[in-house]
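> kindly generate the corresponding structure for this input.
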Amino acid sequence: AVSRVVAHPTPLSDGALFFTLSPDSSPTTQVLMAIGPEAGWEESELEMFAAADFHAVSLGPRVLRSEVATVAALALAEQMLIQPALR
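Residues are numbered from 1 along each chain as shown. You can find the predicted model right below:
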């Protein structure tokens with residue numbers, strides 16, 4: 001299964017950092033990430049991602065430079081793919 005995520009600097013309402021998968025979901029084998037501008041995505045862009053089955057994620061309360069956010073998100077995704085217990 002592919003998890004589609006869009007990184008946005010606004011923290012998630014449930015306080016989750018990055019993303020979690022529901023227990024009844026198929027095992028994730030791929031992660032498709034959209035990482036955008038440091039100021040975040042426009043509301044219309046977030047709506048477009050939601051329509052394409054992307055889920056908004058946060059890398060924490062700080063706004064990261066795009067190149068730093070990319071590396072951080074890749075590291076977190078790799079951890080989740082390698083160590084399913086972290087889900």
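
> measure residue 55 to residue 46 for me?
With distances defined as CB to CB, to the nearest Å, the gap from residue 55 to residue 46 amounts to 11 Å. In short, each C-beta sits where N, CA and C put it, glycine included.

> which one's more surrounded, these two?
Using other CB atoms under 10 Å as the criterion, residue 55 and residue 46 rank with residue 46 on top: 18 against 14.

> any residues in contact with both of residue 55 and residue 46?
Taking CB atoms under 8 Å, 6 or more residues apart in numbering as the contact definition, residue 55 and residue 46 share the neighbouring residues residue 6.

> so residue 69, which of the three states?
Secondary structure, DSSP: H, G, I helix; E, B strand; the rest coil: residue 69 is helix.

> for the closest residue to it other than its chain neighbours, which residues are in contact?
Nearest residue to residue 69 in three dimensions, chain neighbours excluded: residue 35, at 5.2 Å (CB to CB, 6 or more residues apart in numbering). For residue 35, the set of contacting residues under the criterion of CB under 8 Å, 6+ apart consists of 6, 7, 66, 69, 70, 73.

> give me that answer again for 10 Å
Residue 35 sits next to 5-8, 41, 57, 59, 64, 66-74 when contact means CB atoms under 10 Å, 6 or more residues apart in numbering.

> show the buried residues in those residues.
With neighbours counted by 16 or more other CB atoms under 10 Å, the contacts of residue 35 contain buried members at 5, 6, 7, 8, 41, 57, 59, 64, 69, 72, 73.

> now, which of those lie within strands?
Cross-referencing those with the strands (criterion: DSSP state E) gives 5, 6, 7, 57 as the overlap.

> out of those residues, which comes closest to residue 82?
Distance ranking of these against residue 82, using CB to CB, places residue 5 first at 16.9 Å.
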